[in-house]
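Peer 1: Task: produce atomic coordinates for the following.
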Amino acid sequence: MNGKKIHCLAVDDEPPALLLMERFINAVPILHLAGKCSNAVDALTILQEQPVDLIFLDIQMPYILGTDFIRSLADPPKVVFTTAFRKFAVEGFELDAVDYLLKPISFERFLKAVNKAMKLNLPLAQGLPQEPVRIPETETAFLFLRADRKNLKIQLKDILFIESLKDYIKVVTKDRTIVSKQSISTIEESLPDHAFLRIHRSFIVSRAKVDSFTSGIVQIGKYELPVSRSYRHEVEKALRVQ
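Peer 2: Modelled structure (predicted):
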């Protein structure tokens, strides 16, 4: 490698989300964390003092929305928007965003955004190898779930299954159950496809935790979970021995 890196700025007003983004950036050798902050005012200062290729930018922040902040810059760096609200997606892509990450963000989904950025002509990163960035074996995948007025860290390897409860989800792990206000489709976007499988409009399971299955049931320990007709073919294809 020639020593060049993609210089990144992380901006988020939620400390756990900012810490997570910092950890993700530091876990990818091709990225360099040029700075981090909690609002657009401090972000502007960093942009004036540090070379930045790529901003991981929360949309809902104090003082000014992330989308409005990007509009205010005469020559903005490339941006990956991060937000808990799907409604901002269209506006984000209208601003020529590299990607749009919906919280909670998994490490695999973060890497997809990084790989998109690598295909662009970033000024400070010209000449970088174009091979896709892989998940480091030392990186333990996790996400944060909002529950009990806290952001709870959940290791993906501990999840047995996720159940939809209307506007909430129930995440069942090997030692606890967490109820969080978000849709099952939202969390599905944050989970790695190779590790999790949608079996029903109300259920996502960890592939590694499946003990047995039939055309209509997936067994995980003491839990029997329904397989809907619309997902049956995909489930059988994914779980049968290759």
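Peer 1: Spell out for me which residue occupies the centre of the chain.
Peer 2: In the chain, the residue lying closest to the centroid (CA atoms, centre = their mean) is Ile105, at 2.2 Å.
Peer 1: which residue sits closest to that one, ignoring its sequence neighbours?
Peer 2: Ser190 (5.8 Å; CB to CB, 6 or more residues apart in numbering). Quick note: C-beta positions are derived from backbone N, CA and C, even for glycine.
Peer 1: can I assume that neighbour is in contact with Leu143?
Peer 2: Yes. Between Ser190 and Leu143 there is a contact under CB atoms under 8 Å: 5.9 Å.
Peer 1: any shared contact partners between those two?
Peer 2: Pro104, Ile105, Ser106 (CB atoms under 8 Å, 6 or more residues apart in numbering).
Peer 1: Mind checking what secondary structure the second one has?
Peer 2: The three-state assignment at Ile105 reads coil, by DSSP: H, G, I helix; E, B strand; the rest coil.
Peer 1: residues touching it, list them.
Peer 2: Ile105 neighbours (CB under 8 Å, 6+ apart): Leu20, Met21, Phe24, Thr82, Leu143, Ser190.
Peer 1: Those residues in strands, which ones?
Peer 2: The members of the contacts of Ile105 that map onto strands under DSSP state E are Thr82, Leu143.
Peer 1: Throw the contacts of Ile105 into JSON lines and include neighbour count and pLDDT, thanks.
Peer 2: Below are the contacts of Ile105 laid out as JSON lines (neighbours: other CB atoms under 10 Å; pLDDT from 0 to 100):
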{"residue": "Leu20", "neighbour count": "24", "pLDDT": "87"}
{"residue": "Met21", "neighbour count": "25", "pLDDT": "91"}
{"residue": "Phe24", "neighbour count": "23", "pLDDT": "90"}
{"residue": "Thr82", "neighbour count": "28", "pLDDT": "90"}
{"residue": "Leu143", "neighbour count": "22", "pLDDT": "80"}
{"residue": "Ser190", "neighbour count": "20", "pLDDT": "75"}
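Peer 1: What is the nearest of the contacts of Ile105 to Cys37?
Peer 2: Nearest to Cys37 out of the contacts of Ile105 is Met21 (CB to CB; 11.3 Å).
Peer 1: Help me confirm that the closest one comes into contact with Asp12.
Peer 2: Yes. Using CB under 8 Å, Met21 is in contact with Asp12, at 6.3 Å.
Peer 1: Common neighbours of the two, please.
Peer 2: Common neighbours of Met21 and Asp12 (CB under 8 Å, 6+ apart) are Phe56, Thr82.
Peer 1: Just give me the neighbour total for the closest residue to Lys174 other than its chain neighbours.
Peer 2: Excluding its sequence neighbours, the residue lying closest to Lys174 (CB to CB, 6+ apart) is Asp158, at 5.4 Å. Neighbourhood size, Asp158 [other CB atoms under 10 Å]: 15.
Peer 1: I figured Asp158 hits Thr177, correct?
Peer 2: No. Between Asp158 and Thr177 there is no contact under CB under 8 Å: 11.5 Å.
Peer 1: care to break the protein down by domain?
Peer 2: The record assigns the chain these domain ranges, following automatic domain parsing: 6-125, 142-239.
Peer 1: Tell me which of those is the most buried.
Peer 2: domain 6-125 (a mean of 18; mean count of other CB atoms under 10 Å).
Peer 1: From the chain's centroid, how far away is it?
Peer 2: 12 Å (CA atoms, centre = their mean, to the nearest Å).
Peer 1: What of stretch 204-218?
Peer 2: Using CA atoms, centre = their mean, the offset of stretch 204-218 from its chain centre is 24 Å.
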